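Peer 1: Show me the folded form of this:
(one chain, ligands or ions: 1)
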Amino acid sequence: MPEAQATISQRGAERIHGGHLWVYRSDVRRADAEPGDVVRLLDERGRFVGRAFYSDRSQIALRLLTRDDVPIDRAFFAERIRAAAEYRKTIVQDTEVYRLVYAGGDGLPSLIVDRYADYLALQTLSQAAERLKAEFVEILLELFSPRGVAERNDPKVRLLEGLDQRVSVLHGEIPPEVVACENGVQFAFDLLKGQKTGGFLDQRENRRAARDYASGQILDCFCYAGGFALTIAGRAAHVEAVDLSPAAVEAGRRNQQRNAITNVTFREANAFDVLKECDESGRRFDMIILDPPAFAKNRDSVPAARRGYKEINLRALKILRPGGYLVTSSCSHHIPEALFLQIVAEAANDARRLTVVVDRRTQARDHPILLTVPETHYIKCLIIRALP
Ligand code: SAH
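Peer 2: Prediction:
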């Protein structure tokens, strides 16, 4: 059988030569391929450009695997996964939960693998990754011998590929709570029902960084299961942790007990309301953490998102004590760092606070950012200090 192939426009080839991994459908001239094939990529003159995953549905028609003329087989994928795991050994400490494979950032576009101690959670977010799912699981079993592998294929992006949304157990068993250590703190994760694949692993290093500045009275808004609150509690007098989701607050309380921490109060509430209440009642804090969900899910929602970020940052800066710290994040890819800095600067100015940027941070290093693929950068995290 001849190898499946796709011919791309000059513009598509330039994108690949420029280091990007994606070719959009409008740059596909011709595809002799089935949905989900690995294809040989050619430019308009028939020259070899690389090998890529092909999708017949998504706007991202091609996702580059390599620019070298090498076979894409089981050994290829096993080597990429092994290399991804090797890199984590150098950057992850005091932690059993981390992203083992971050899609394009590890040269494996549309494949996500998160490790929760002895368990793995997998996402296959393109037609080709979906087709290779069983092979990926076999490789993961060979390399890591996990006790269970869950598939968290419920993200909406699967629909753009014509794939269904599903959650299932692909290997072994997945207990309702997997207890694992992050930054020396024990957390329970629900790999089948928790948000994302069970936790927000991308903020691990920012939780640790926030701990360095923590003291006194702290407000953790959008706390989920206590990621920031429980990591920094040891340095605080008291932490109030707020989330809208009853399941998150319940999980936070159980995590607190698990670590015998007594100075955190979890509260089920809307963070916008809590910030406003504190402003009106005169409550003040030495540190405030803002880690909201992505307000800008697409380009059209950027103006509304901007207002949302401005509002919470303005309110937080108003109720921060002199010399206090604001740890503020945005995980919207569509809000670039420069814009986020500008929004927070406007908020600080409106709050009549002089503030300095103590630390400019991003997603944890197990979510590696490809320099030539801006889409792989999504978390911005600023640690801001209000001058006394
Ligand atoms: N800081 C967390 C992750 C936060 S993810 C950690 O370190 O693990 C965003 C969280 O915001 C989710 O748990 C979601 O339930 C919550 N959320 C969404 N809208 C909210 C609102 N208006 N008020 C409070 N929490 C909200």
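Peer 1: Show me where the chain has its helices.
Peer 2: 10-17, 74-91, 127-131, 133-144, 157-160, 204-211, 227-232, 246-258, 271-281, 302-318, 337-350 (DSSP state H).
Peer 1: Quick one: name the residues of the protein near the ligand.
Peer 2: Counting by C-beta under 6 Å from any ligand atom, the chain comes close to the ligand at 195, 200, 203, 222-224, 227-228, 242-245, 248, 270-272, 291-293. (Each C-beta comes from the backbone N, C-alpha and C, glycine too.)
Peer 1: are any of the residues you listed buried, and which?
Peer 2: 200, 203, 222-224, 227-228, 242-243, 248, 271, 291-292 (16 or more other C-beta atoms under 10 Å).
Peer 1: For the ligand, give me its nearest residue in this protein.
Peer 2: Closest residue of the chain to the ligand, C-beta to the nearest ligand atom: Gly227 (2.4 Å).
Peer 1: Ser126: which of the buried ones among the residues of the chain next to the ligand is nearest?
Peer 2: Phe200 (23.0 Å; C-beta to C-beta).
Peer 1: which residues sit in contact with that closest one?
Peer 2: Shown in contact with Phe200 (C-beta atoms under 8 Å, 6 or more residues apart in numbering): 224, 227, 291.
Peer 1: what's the answer for Ser110, then?
Peer 2: With contact taken as C-beta under 8 Å, 6+ apart, Ser110 is in contact with 53, 63, 103-104, 124-126, 128-129.
Peer 1: Arg40 is in contact with Leu64, correct?
Peer 2: No - Leu64 is beyond contact range of Arg40, at 11.8 Å (criterion: C-beta atoms under 8 Å).
Peer 1: Report the buried residues of stretch 143-157.
Peer 2: 144, 146, 148-153.
Peer 1: In strands, which of those residues appear?
Peer 2: 148-153 (DSSP state E).
Peer 1: now those residues as a markdown table including pLDDT?
Peer 2: Formatted as a markdown table, these follow (pLDDT from 0 to 100):
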| residue | pLDDT |
| --- | --- |
| Gly148 | 98 |
| Val149 | 98 |
| Ala150 | 98 |
| Glu151 | 98 |
| Arg152 | 98 |
| Asn153 | 98 |
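Peer 1: pretty sure Leu159 is touching Gln165, no?
Peer 2: Yes - here Leu159 reaches Gln165: they are 7.0 Å apart, a contact under C-beta under 8 Å.
Peer 1: check contacts around Leu326.
Peer 2: Taking C-beta under 8 Å, 6+ apart, we find Leu326 in contact with 287-288, 290, 313, 316-317, 320, 355, 382-386.
Peer 1: rewinding a little: list the residues that contact the residue of the chain closest to the ligand.
Peer 2: So Gly227 contacts 182, 187, 199-200, 203, 207, 291 (C-beta under 8 Å, 6+ apart).
Peer 1: Kindly report the same for Lys196.
Peer 2: Lys196 makes contact with Arg152, according to C-beta under 8 Å, 6+ apart.
Peer 1: The buried ones among the residues of the chain next to the ligand into TSV, with extra columns for distance to Arg360?
Peer 2: Converted to TSV, these look like this (distance: C-beta to C-beta, whole Å):
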residue	distance to Arg360
Phe200	19
Gln203	15
Phe222	20
Cys223	23
Tyr224	23
Gly227	20
Phe228	18
Val242	25
Asp243	26
Ala248	28
Ala271	23
Asp291	16
Pro292	18
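Peer 1: And those residues, which is closest to Val23?
Peer 2: Nearest to Val23 among these is Phe200, at 30.7 Å by C-beta to C-beta.
Peer 1: What does the pLDDT read for that closest one?
Peer 2: For Phe200, the pLDDT comes out at 98.
Peer 1: Got the phi and psi for it?
Peer 2: phi -100, psi 80 (degrees, to the nearest 10).
Peer 1: Tell me how far it lies from Leu42.
Peer 2: Phe200 sits 41 Å away from Leu42, going by C-beta to C-beta, to the nearest Å.
Peer 1: Contacts only, for Leu100.
Peer 2: Contacts of Leu100 (C-beta under 8 Å, 6+ apart): 81, 84-85, 88, 113-115, 120, 144, 366.
Peer 1: from the buried residues of stretch 143-157, which single one is nearest His333?
Peer 2: When these are ranked by distance to His333 (C-beta to C-beta), Arg152 comes first, at 19.6 Å.
Peer 1: The closest residue to the closest one other than its chain neighbours and Ile60, how far apart?
Peer 2: Distances taken as C-beta to C-beta, 6 or more residues apart in numbering place Thr197 nearest to Arg152, at 4.5 Å, with adjacent residues excluded. From Thr197 across to Ile60, the span is 21 Å (C-beta to C-beta).
Peer 1: got it, and Leu122?
Peer 2: Counting by C-beta to C-beta, the gap from Leu122 to Ile60 is 20 Å.
Peer 1: Buried residues, whichever strand in the chain runs longest. List them.
Peer 2: When the chain is parsed with DSSP E, its longest strand is strand 320-330. For strand 320-330, a neighbour-count test (16+ other C-beta under 10 Å) marks 320, 324-330 as buried.
Peer 1: and what of stretch 22-31?
Peer 2: In stretch 22-31, counting by 16+ other C-beta under 10 Å, buried: 22-24, 27-28, 31.
Peer 1: now the residues you listed as TSV including pLDDT?
Peer 2: Formatted as TSV, these follow (pLDDT from 0 to 100):
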residue	pLDDT
Trp22	98
Val23	98
Tyr24	98
Asp27	98
Val28	98
Ala31	98
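Peer 1: so which of those residues would you say is closest to Ile174?
Peer 2: For the buried residues of stretch 22-31, the nearest to Ile174 is Trp22 (32.0 Å; C-beta to C-beta).
Peer 1: wait, that closest one sits on Leu65?
Peer 2: No - taking contacts as C-beta under 8 Å, Trp22 lies outside contact range of Leu65: 11.9 Å.
Peer 1: hey, what's in contact with both of those two?
Peer 2: Pro109.
Peer 1: tell me the centre residue of this structure?
Peer 2: In the chain, the centroid-proximal residue (C-alpha atoms, centre = their mean) is Asp202; its distance is 4.8 Å.
Peer 1: Tell me who's in contact with that residue.
Peer 2: 99, 331, 363-364, 367, 378-379.
Peer 1: Good, we can wrap up now.
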